[in-house]
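Trainee: the amino acid sequence is not available; the structure is as follows:
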């Protein structure tokens, strides 16, 4: 299948500290790719590059075959890339309803968005006029994920969806992610909680020190590989 | 025309030229930009519209008969003002809470990066906010100007009242702000109307808005502004050798200047060192501890008063008092200021400075518990030089050298402070108050100490300034006078010990020289600090580090140092023998120094190493202790 989102040999750096040394990632429509790896491997940076938040030093960012290298986050958002950043995907001082209003810039009416968000997550309807910062962590993450659901993106980038949440909520959120992917969205996710991510992933890539070390099906071999990468191998 | 063309155009201009360069920087830089704008616009307005010509605007419907509602009489102008105010408040509320553009603006404040990710346009939100803000300010100005005198400083200080109202609304809620404005307006009118007629309280009327702002800041709780995206810059540790050379250079500079300038020039340029000391007080306070205070010049004023009254015969202990009393006042400010940070702290200290200007400094002498306290005695106070080991310092030369020595000593102490535990504590406080408190640090003690220390340094500067000027008035220590000092200090780089000399020299040297050479440029000179402040966006670290980088090789190079010393001494001796005049000395010294600056660069030490990628540090070349810092900073920036 043709890739919808593709990073080709991406190099990038924070100041003089280079972080990614030629990362290649491909995500096809309806596919979930899990990006795994130890702390500081460059997982979040890869997502930031894909959303245009972090500039590419060399390499290419392709969206549906079109070269989007150097596009602003706004351009990419309007082209259908949706990044739910780590920990804080909501505007804490805006009400839930205003947060939903902020999802209308990608071309949907507020009515459509509220309908989708409130059906998937009824709790949000109850809290519609509450400031998003006063919601619980799980509810905030639901609100953040609602953007991925309601704005009908082509590519969904998820960074550490499980951070600070109870396992039960994580499972429920990932069910929603799988549902989104079934509708044909290309999902690229970063997750420390590897089990949760591998449960729904079609492919997995292991990122170590800014390079993709392993890529393939999330099977037992990869799991063994992972534990070696995280914990160090015995050999 | 003004409302729909000029105001939006100016709003766009401000957004593009002034605010965008500092967008990615900290809150302090953005604050400095707006202060630069305020100070620059006051100066520009004074330039364009001579403040000595009284102006007035006609009120709307001045000729129509006033309305009578019940027992109250309302002019048409007042009625229109009220209607416009209500209309503006209602439409602003609707815009912010009922439209997508309003949500976009509020979202941009909340989380700029996330707003971009949703496909909103943070830049457009900024532009709209600036246009709207300036349009509303223009409406307010048009409506209020006929009721007040049309004077730039007067109208600008309306921001004090405006901010009081905004604090009521916590800079967030439109209805609360509106209510706040009504309360502030009524309070001001009541104070004017019903305050007992007492010579001690006359100034209180003028100071009332500032007083209310101060109280409002303390009473109304406000969330800390988000400090998420602030990138804090490192505070360098000055070397012992560098500081020593710098101190000696200050004293040499003082001696040369003191011996060659004429008596009247000594008064004009004398302030290089004394104002330098005042500027140095920003270094521990704003540079190390990150506390922006806009009342340092007022502290200097207190120092000047203390010296003038207690040190009337030049007693040396009075100089200690001129440090201790402002220090105590500074410590007192720190107590309420503990609740404030960032922009709120700047506002609070600005309010304090305005209270001092309008009320305290204008008080006639009074008695508390039998002690007669007099301030500026509603005019000017005289100050004499100190008595040192039986000698009374009288002439401008002696005082200038004394100030230079004082600046050198103060710079060395601040540098010493940076190397000590207390300096590290202050930086920890700046980086994260929460973390500092969790490590067992006492926020209150640290803050009070740094405020007291800074106020003490400023007080010393003020006392020396008074001695050099021989007679000072309250005007010389006012809030508006203090703005350029703060701006240049920021441009110089608040984290650097050399900032004191830099600010004093730049504020007092070129500007005065420019006016002396070309008197017509006085207005231009008044605007320059503001322009310099706006230029900060280009060089957020300040200029002192750049100067230091340029001169460091010279200081390290023994031959260069010796040659420059000999050359300057030679020129100085020639000047003293009246062989050459002051300008030749100045030009010659500058030429020698500039030539020498390039000299060590001509033969670079053989340290030119090939660029090694960061991953190979420690492998292809030896690991250096400094590398750890570089890596840590690189990671922190991500």
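Mentor: Noted; the coordinates are in hand. Everything numeric here is computed off the predicted structure, so don't read it as measured data.
Trainee: so in terms of bridging, what pairs with the most centrally placed residue in chain A?
Mentor: Residue closest to the mean C-alpha point of chain A, counted by CA atoms, centre = their mean, is residue A:158 at 1.6 Å. With DSSP bridges as the criterion, residue A:158 is bridged to residue A:84, residue A:189.
Trainee: if I look at it, how far off is chain B?
Mentor: According to CB to the nearest CB, to the nearest Å, residue A:158 and chain B sit 13 Å apart. For every residue, glycine as well, the C-beta is placed using N, CA and C.
Trainee: ok, now which ones touch that residue?
Mentor: The neighbours of residue A:158, taking CB atoms under 8 Å, 6 or more residues apart in numbering or on different chains as the test, are A:47, A:84, A:148, A:177, A:187, A:188, A:189, A:190, A:191.
Trainee: next: residue A:155.
Mentor: Contact analysis of residue A:155 by CB under 8 Å, 6+ apart lists A:4, A:5, A:27, A:50, A:63, A:80, A:81, A:82, A:185, A:186, A:187, A:188.
Trainee: could you tell me the per-residue confidence at the fifth one?
Mentor: For residue A:63, the model assigns a pLDDT of 89.
Trainee: what's the longest helix seen in chain A packed up against?
Mentor: Taking DSSP state H as the criterion, chain A has its longest helix at helix A:167-182. Secondary-structure packing of helix A:167-182 (3 or more CB pairs under 8 Å, 6 or more residues apart in numbering or on different chains; DSSP states H and E): strand A:32-36, helix A:137-150, strand A:155-159, strand A:186-190, helix A:194-200.
Trainee: and residue A:206, that's in a strand?
Mentor: Yes. Counting by DSSP: H, G, I helix; E, B strand; the rest coil, residue A:206 is part of a strand.
Trainee: what bridges to it?
Mentor: residue A:36, residue A:214.
Trainee: where does the stretch 151-300 of chain B have low pLDDT?
Mentor: Scanning the stretch 151-300 of chain B for pLDDT under 70 picks out B:151-157, B:170-171, B:195-202, B:221-234, B:263.
Trainee: in it, what residue is nearest chain A?
Mentor: residue B:172 (8.0 Å; CB to the nearest CB).
Trainee: tell me how many other residues surround that residue.
Mentor: A count of nearby residues for residue B:172, using other CB atoms under 10 Å in any protein chain shown, gives 14.
Trainee: please report how far the residue lying closest to residue B:127 once chain neighbours are set aside lies from chain A.
Mentor: Leaving out its chain neighbours, the residue that sits closest to residue B:127 by CB to CB, 6 or more residues apart in numbering or on different chains is residue B:15, at 5.2 Å. Going from residue B:15 to chain A by CB to the nearest CB gives 17 Å.
Trainee: now do the contacts for residue B:15.
Mentor: So residue B:15 contacts B:126, B:127, B:130, B:131 (CB under 8 Å, 6+ apart).
Trainee: elements contacting the helix or strand the last one falls within?
Mentor: Right, residue B:131. Assigned by DSSP states H and E, residue B:131 falls within helix B:122-144. Helix B:122-144 sits against helix B:7-13, helix B:76-98, helix B:100-110, helix B:112-117, helix B:158-168, with contacts defined as 3+ CB pairs under 8 Å, 6+ apart.
Trainee: at 6 Å what do you get?
Mentor: Judged by 3 or more CB pairs under 6 Å, 6 or more residues apart in numbering or on different chains; DSSP states H and E, helix B:122-144 is in contact with helix B:7-13, helix B:100-110, helix B:112-117.
Trainee: contacting residues around the longest one?
Mentor: Yep, that's helix B:100-110 we're talking about. For helix B:100-110, contacts defined as CB atoms under 6 Å, 6 or more residues apart in numbering or on different chains pick out A:91, A:93-94, A:98, A:101-102, B:95-96, B:115, B:120, B:122, B:125, B:129.
Trainee: from those, which is closest to residue B:439?
Mentor: For those, the residue nearest residue B:439 by CB to CB is residue A:93; the value is 29.5 Å.
Trainee: list phi and psi for that closest one.
Mentor: Per-residue torsions, residue A:93: phi -90, psi 0 (degrees, to the nearest 10).
Trainee: out of the contacts of helix B:100-110, which end up buried?
Mentor: Using 16 or more other CB atoms under 10 Å in any protein chain shown as the burial test, the contacts of helix B:100-110 include A:91, A:93, A:94, A:98, A:101, A:102, B:96, B:115, B:120, B:122, B:125, B:129 as buried.
Trainee: residues touching residue B:358, list them.
Mentor: Counting by CB under 6 Å, 6+ apart, residue B:358 has contacts B:203, B:206, B:207.
Trainee: up against chain A, what does chain B have?
Mentor: Contact residues (CB under 6 Å from any CB of the partner chain) of chain B with chain A: B:100, B:103, B:106-107, B:110-111, B:116-121, B:614, B:634, B:637-638.
Trainee: show me how to select, in ChimeraX, the buried members of the residues you listed.
Mentor: Remark: buried members of the residues of chain B next to chain A, expressed as a ChimeraX selection using 16+ other CB under 10 Å:
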select /B:103,106,107,110,111,116,117,118,119,120,121,634
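Trainee: biggest separation within the residues of chain B next to chain A, which pair?
Mentor: B:100 and B:614 (44.2 Å).
Trainee: enumerate the residues of chain A near chain B.
Mentor: So chain A meets chain B at A:14-17, A:73-74, A:77-78, A:83, A:91, A:93-94, A:98, A:101-102, A:105-106 (CB under 6 Å from any CB).
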